[in-house]
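**Q** Sharing a model prediction with you, sequence too.
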Amino acid sequence: MGAPVTRQSYGLEQFFASLAGRQGLRILDLGGACQENITHISSLGHRVSSEDFLRTLENVFGEGDFYLNQEREDLVERFTSEVLDFPPSHFDGVLVWDTLQYLSPKLLEMTLHQLNTLMQHGALMLSFFHTDEKATTAPMLSFRIQDSKTLTLASRGVRKPAQFFNNRALERLFEEYKSTKFFLTRDNLREVIVKR
């Protein structure tokens, strides 16, 4: 991906629709502190906690073999304490964006379980997965909220995903959650809304 691209997001629209009519909710944004996201979420009367999941992944596991390092218990403990250290049932919604595809299977399973414990019952989580299985790398993206159904996507570099996920694999991945819904797009991204 070259220049930033602005596009409609049905997943984002459904995520914010689930918050409608309520105030003072807590949202976790794993894309890092982004003024557009903080402004939009705050304008709806909610509080946002921002963690830069991708940057922490690079900082903790990036020295040497990125995916092999994700098997090291000391590094996994450091990683989770830096980005997922919140009380149980703390969040009413989680914006995961495209971060999950850069986790090794074991770390991915552990992260999804931890996110599950951090979410309130009925809360939604929005995530994105690249769909081009022939690609050797995928762009790591930043997601900037323009309004409740529009995003601007910009590249943060590229990395080989740990794996690609089709719909069946995603259903298995989120089987701990109550429901999973997919939105296919024209830009090789699959939007996924998961309900706790």
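**A** Yep, it's here.
**Q** Low-confidence stretches in this structure?
**A** For the chain, applying pLDDT under 70 flags the ranges 1-2.
**Q** mind running it again at 90?
**A** Under the criterion pLDDT under 90, the flagged ranges of the chain are 1-3, 21, 130-140, 156-161, 163-171, 183-189.
**Q** all helices of it, in order?
**A** Using DSSP state H, the helices found in the chain span residues 10-17, 35-43, 53-61, 66-69, 73-83, 105-118, 167-173.
**Q** and the spatially closest residue to residue 169 that is not a sequence neighbour, what does it touch?
**A** Leaving aside its sequence neighbours, residue 169 sits nearest to residue 163 (C-beta to C-beta, 6 or more residues apart in numbering; 7.9 Å). (C-beta placed from N, C-alpha, C; glycine too.) Contact partners of residue 163, counting by C-beta atoms under 8 Å, 6 or more residues apart in numbering, are 101, 105, 169.
**Q** try residue 149
**A** Per C-beta under 8 Å, 6+ apart, neighbours of residue 149: 8-10, 12-13, 16.
**Q** From residue 132, how far off is it?
**A** 24 Å (C-beta to C-beta, to the nearest Å).
**Q** and the longest strand for this protein?
**A** strand 119-130 (DSSP state E).
**Q** by how many degrees do that strand and helix 105-118 diverge?
**A** Note on geometry: by axes from the mean of the first three to the mean of the last three C-alpha atoms, to 10 degrees, strand 119-130 and helix 105-118 are set 140 degrees apart in direction.
**Q** in strand 119-130, what counts as buried?
**A** For strand 119-130, the neighbour count (16 or more other C-beta atoms under 10 Å) marks 119, 123-130 as buried.
**Q** out of the residues you listed, which one sits closest to residue 181?
**A** residue 124 (9.4 Å; C-beta to C-beta).
**Q** List the contacts of that closest one.
**A** Contacts of residue 124 by C-beta under 8 Å, 6+ apart are 14-15, 18, 93-94, 193-196.
**Q** closest to residue 174 among those?
**A** residue 194 (4.9 Å).
**Q** if we can go back for a sec, quick one, phi psi at the residue nearest to residue 169?
**A** In terms of degrees, to the nearest 10, the main-chain angles of residue 163 are phi -170, psi 160.
**Q** For it, give its distance to residue 9.
**A** 23 Å.
**Q** What of residue 111?
**A** Counting by C-beta to C-beta - residue 111 and residue 9 are separated by 22 Å.
**Q** try residue 39
**A** Counting by C-beta to C-beta - residue 39 and residue 9 are separated by 17 Å.
**Q** can you check residue 25 too?
**A** Counting by C-beta to C-beta - residue 25 and residue 9 are separated by 19 Å.
**Q** Equivalent analysis for residue 26, please.
**A** Residue 26 sits 21 Å away from residue 9, going by C-beta to C-beta.
**Q** next one: residue 114
**A** Distance of residue 114 to residue 9, computed by C-beta to C-beta: 25 Å.
**Q** if you count what's nearby, which of these two comes out ahead?
**A** Taking neighbours as other C-beta atoms under 10 Å, residue 114 and residue 9 compare with residue 9 leading, 23 against 16.
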